[in-house]
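*Asks:* for reference, the sequence and a predicted model appear below.
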Amino acid sequence: MLTLDEDQTLLMDSARAGVAQASPVSEYRRLREPQGEGFSRRFWATCGEMGWSGVLVDEAHGGSGFGVLGAGLLAREMARTLTLSPFLSTAVLAAAALGAGGSPAQRQEWLPRIAAAEAIVAFAHEDTPGGWPTMAHLESPDFRLEGEKSFVLDGHVADALIVSARTDNGPYLVLVDPKANGVSRQTRILVDGRRVATYRFEGVEVDEFAFLPGGALALERTLDVARAVLAASACGVAEEAFRRTLEYLKERRQFDRRIGSFQALQHRAGLAHIAVENAWSATLVALQALDSGANSAAFDVAVAKSKASRAAQEVTAECLQMHGGVGMTDAFDVGLYLKRARVDATLFGDAAFHADRVATMLGY
Amino acid sequence: MLTLDEDQTLLMDSARAGVAQASPVSEYRRLREPQGEGFSRRFWATCGEMGWSGVLVDEAHGGSGFGVLGAGLLAREMARTLTLSPFLSTAVLAAAALGAGGSPAQRQEWLPRIAAAEAIVAFAHEDTPGGWPTMAHLESPDFRLEGEKSFVLDGHVADALIVSARTDNGPYLVLVDPKANGVSRQTRILVDGRRVATYRFEGVEVDEFAFLPGGALALERTLDVARAVLAASACGVAEEAFRRTLEYLKERRQFDRRIGSFQALQHRAGLAHIAVENAWSATLVALQALDSGANSAAFDVAVAKSKASRAAQEVTAECLQMHGGVGMTDAFDVGLYLKRARVDATLFGDAAFHADRVATMLGY
Amino acid sequence: MAIDAHEIRNWLEAECPVEMRAATRGDEDVCWGGRRWAFQSPAQKLWFERCLARGFTVPTWPREYGGAGLSRDEADVLYAEMRRIGARPPLTSFGISMLGPALLAFGTPAQKAEHLPRIALGQIRWCQGYSEPGAGSDLASLATRAEDKGDHFLVNGQKIWTSYADKADWIFCLVRTNRDAKKQLGISFVLIDMATPGVSTRPIVLISGKSPFCETFFDDVAVPKGNLVGKLDRGWDVAKYLLTHEREMIAGGGSNLFDSHALDKAAAQVRPKDPILRAKIAEAAVDTYAFDATRRRYSDEVARGGELGARSALLKYDGAELNKRRHELAMSLAGADGLYFDGNREPGVAEGWLRSKGNSIEGGTSEVMLDIVAKRLLDLPAD
Amino acid sequence: MAIDAHEIRNWLEAECPVEMRAATRGDEDVCWGGRRWAFQSPAQKLWFERCLARGFTVPTWPREYGGAGLSRDEADVLYAEMRRIGARPPLTSFGISMLGPALLAFGTPAQKAEHLPRIALGQIRWCQGYSEPGAGSDLASLATRAEDKGDHFLVNGQKIWTSYADKADWIFCLVRTNRDAKKQLGISFVLIDMATPGVSTRPIVLISGKSPFCETFFDDVAVPKGNLVGKLDRGWDVAKYLLTHEREMIAGGGSNLFDSHALDKAAAQVRPKDPILRAKIAEAAVDTYAFDATRRRYSDEVARGGELGARSALLKYDGAELNKRRHELAMSLAGADGLYFDGNREPGVAEGWLRSKGNSIEGGTSEVMLDIVAKRLLDLPAD
């Protein structure tokens, strides 16, 4: 059933209320400023208290175990107020990687701390274009990590890193201490105020227990979970921007009419609504498929990420246009949603990238 | 200057009046029926009298020498009433091929008869998918032609064929007598009532004087001329369908208003108008570039054929939708324009094909 | 009567002829019924009769009218099992899909007893008379009038877009019974035997070359007053109820308008060489899967007790537009071969394309659907 | 004075500093002039002064006002030669592009003598005060009022979207001088020295982080009656004349809104690996070249003596939409690298993208442009 059950509905409703209270858009405006850390440790603690940071952590490790659908619902709610927190990096990417591919010891070490929001674990995957591809070389008794990673979400404050690296046995995920010798980083700010780090690894020693046994499958699973949750976040961005725009259309008057009464805008609003509805439906399918382990999951995720990315970009752009001049000002919130949509749409593969994957999976 | 000079304006205006009188849409409805030849020999004779069939033929060979722009203007006017005639096959394709690549003897034999509309010369280029590629093998003292061609416009009534064939020296155009031994054909009807033939060549003997000396360059030139003229035809189709639709929007009443007063339809009509304007501008650039021999001609043609094809398909579909139910009936003309647009858009490369060429020519 | 999935599955395996388990290729495979009906194959007849015996031509109708008396959930079990083996509907008609539900909700006992069994048995084929040349999207401005002549109405006027009127036995119609009342008020819903003197039809040739629709003319047609369904002058209520029912069927996948896999299948077969065309198909595939997810989500929400409401307009809009887009791309995929339009051609790429253009007109235009989405779902003002 | 292309070419080669032959990278390369102006480079100053000496800051203005007195055709020769070597404009201002033409058409001899030379000499920088918070697309509903106080007007109200008001010396404004007259009537066009007591500005921070626009406030500002341009209550005529002039400049390629090759160049450099993105860029390229052909065609038709008229709205609409599309695709082409928005980033992909969103709002929204296309070019009814 493409519906939420009672627990899921409860999770969503409480998150909507809780996020709006703990992290409104005004808080986002404060946090995006370049001088700070780019997120609020207080809100991250709240995530721990509410069980949100442990959404993908099983109960045995102190999590709430709501699964990927739960993570998607939370991401969607957190997107509505443009929340900045390590939720995606730590509660989603790191927890998914450790859950899917971690050894018992690795899980025991990190999952309880993630669930309690006591650690920030970042996921370093994107090789810097033109930089060194990240490789782990076996030099007994230990391995040495070389390479450069970009767009490491919350990498600037990470207590630990999970790094994807090529080895002679295929791709592996490796736990790396960001303070280890040979690790250096640079913090960057994205257009939506989010912080990411570029990491360089030069001859970083890692022992064999740092490797996640799950290998390539764990990497693929982690990426798919992140894509589906980002799709959900993009849905939240688009839905909220559109909700606010509908309010504006019902208030703003020009030519002695409310502008929402102009048929051309009505039809375009109708199209935006349809795009938002379809994006959420596709995302719901993908989130459920990841939870149920359906064969179609990878395909469903590609559809969802492609659709939600495109819908979020197009709908937020429409929202800005419908606001007219004030939409161009930083004082109005609608432009903030446009920026967030672009970032959610781009990370882990944009609409075009995933549409191409869809075509390939369908055999053409 | 992207404007017409006096002679060109005169040609266009006289063609508009002449075509509307000699070949109105009612005539098209008669000619499309499967029992006839699919065109009117009387109208073709008119083309001869008016100098239209000789538009690409130089004055030395009895033509009017209006050039490619002239041919485009005529095709656009003829499209407005959905004229069926050998204009494209004979006056455009064959005349362009002979003009660009024919020997003096070949030109002397055929161009005056084309200018006078006394011969129908078809151009056979498209190898049947899955059929035999057309090859000309040298077997002294003569050549033998083998292969199968589809979509030979007016091939069912052709007095002569110009066939593209691969040889050991690259592609060549060859004049072939459709009554020669080893030539067989089948007539087919397209969705806009146009007749085409599928030709099969089995060991057809051709002597060396049948080859057009122009070789591959003549073939490319002929294709580009055909594409630009088809783009112009597509413009005429779209413009006329849209003109009729505007009239309908100003007459038809629903909900106690003329439907053309609904803002959503007004804006869509505005977009259709812009598409039509841009299609014609791009086509004009291409037609002029072919006449002036500009370096950019091949690129301009690809832009024009891509733009005009897409615009014609989209605009005629919009026109049908704006007509509502009656647009779906054969009794109304708007559906006829939808069909013609699809055929013009598809022949010699559709919008996607030429957009791909544009990207390739631009280096990406 | 409880229904048992296992029993149904066994019954279908045993009783549904193999020929009836293939997708319908077109009108020639549909069992329409009616006075002049001739089965198109022995298998079609056999399948019809076996279903009839169990009330499966109209599974949810009461048994007294020839149905099987199934609840909606029970019927869903049956439909799911039928889909599993690709079984064709034993009987298709506007009597089943449209008039029946209206009579069940608004009909008198006498009307139900007279008409429902004959629909269930496939004896009478119905058509719908709503649109008129001057009343398309603006249906409420219809002008066909029924004058009160004591024991009967005298009907005069013209309908258009009556599907298969030339093959139908009866027609259900919206007619104006009160010229003074405003638009929607003053319209009544009546049943007319097409054999009544003064009724005539003329097929409409479509751009696809087919003629599934007719114009239907009423020239001093006498209609007994007992053929009025619902209250006099309140036929709009009946029509609205039917329209909602129709759009809900689309939501439930009950419409064959939309095939979410057709484009993929075609693309995978042809493997478009043109990268731009491939890109367009890929985006259409994404949109199609996403739309299909919405259709299923709404359906599931309704199954859980929600209301579909005006969201049916959203589904109608998007389904129609995506289907048109699919056919445009199928034509492009076929390339020049798709242009053939004569006896020798491959089955129906061009016909399907031309037919699809009607999707965004019939059953409410895309423009009207977007108006509904804007006003009823988004609550945008009229001012 | 006839102009000689050869002579101009030689003069440019000799006199235009090499630094002034590179495309302007942003506001920091533009020579705006004004009371507080400081040249940004010696080359900028040199180029400005050399042009000034020949009247080339305002080539088409009469010589008495500091121009070169060139005809349109002569000026086109100059512009073509400047484009050939990529020469920057020596002076850019709203005084040149907007107020000047209005004064030439509507100003009194005294107004022309006072203001035009100071514009030509780059001494006074102007800004435009049209829009208000409650009067955007519906400009005629503006509320800033000018009360008649005998020898002066007393102006009160607020303007918005005044470009560089914080850097400007004077502002030309639309103000309401008659509250009883209907909308457009009752509006006047006045010139206000920004140094007058009661004038204040507040920069508006845009989503791109830049602040090229201000809010401008008028609090009991006394404006001499001699500063009224055109007739009292008929300022709308002046504004409309200016608007047409502005849109015609877009048609003539005078706007730097639109660069028809920028996307190609970027795509050829990056060579998008993603085939879907490549397809979208290819279609955008086709649309862009086609639009550019229309822009040139209209321009040629006007040069031949035609009227551009409402077609300027078509150009404004399509140019703005294509520019937005180009920036969306440029962002996609840049991928994640395009998301950086801090001091270290590559120059301005994201800024350009965010800035472009205003293209379809400023100078008349896309919605208003389409209304004009529908009503004035297509003659569709208002009903």
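*Replies:* Received, thanks.
*Asks:* break chain A down into its structural domains.
*Replies:* Chain A breaks down by automatic domain parsing into domains covering A:6-118, A:123-213, A:216-361.
*Asks:* any chance of the ones you listed in TSV, plus mean neighbour count, mean pLDDT and distance to chain D?
*Replies:* Using the backbone N, CA and C atoms, a C-beta is placed for each residue, glycine as well. As requested, the domains of chain A are arranged in TSV below (neighbours: other C-beta atoms under 10 Å in any protein chain shown; pLDDT from 0 to 100; distance: least, C-beta to the nearest C-beta, whole Å):
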stretch	mean neighbour count	mean pLDDT	distance to chain D
domain A:6-118	21	97	7
domain A:123-213	19	94	4
domain A:216-361	24	97	3
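*Asks:* just tell me which of these ends up closest to chain C.
*Replies:* domain A:216-361 (3.4 Å; C-beta to the nearest C-beta).
*Asks:* point me to the residue of the stretch 101-250 of chain C nearest chain D.
*Replies:* C:Asp138 (13.8 Å).
*Asks:* okay, that residue: pLDDT?
*Replies:* Here, the pLDDT recorded for C:Asp138 equals 92.
*Asks:* element containing C:His6?
*Replies:* helix C:5-15 (DSSP states H and E).
*Asks:* following that helix, which helix or strand comes up?
*Replies:* helix C:42-54.
*Asks:* go through that next one and flag the buried ones.
*Replies:* C:43-44, C:46-48, C:50-52 (16 or more other C-beta atoms under 10 Å in any protein chain shown).
*Asks:* farthest-separated two in those?
*Replies:* C:Ala43 and C:Leu52 (14.6 Å; C-beta to C-beta).
*Asks:* all helices for chain C, in order.
*Replies:* Using DSSP state H, the helices of chain C run over C:5-15, C:42-54, C:72-85, C:94, C:100-106, C:109-120, C:235-251, C:262-270, C:275-303, C:311-334, C:349-356, C:366-372.
*Asks:* rank the ones you listed by mean pLDDT and give me the bottom one.
*Replies:* helix C:235-251 (a mean of 80).
*Asks:* show me what that one is packed against.
*Replies:* Under the contact definition 3 or more C-beta pairs under 8 Å, 6 or more residues apart in numbering or on different chains; DSSP states H and E, helix C:235-251 sits against helix C:100-106, strand C:170-176, strand C:187-193, helix C:275-303, helix C:311-334.
*Asks:* and the ones you listed, which is most packed in?
*Replies:* Compared across the helices and strands packed on helix C:235-251, strand C:170-176 shows the largest average neighbour count, a mean of 25 (mean count of other C-beta atoms under 10 Å in any protein chain shown).
*Asks:* give me the mean pLDDT for it.
*Replies:* 97.
*Asks:* what packs against that strand?
*Replies:* So strand C:170-176, by 3+ C-beta pairs under 8 Å, 6+ apart, packs with strand C:126-129, strand C:145-148, strand C:152-163, strand C:187-193, helix C:235-251.
*Asks:* closest one to C:His327 among the ones you listed?
*Replies:* helix C:235-251 (17.4 Å).
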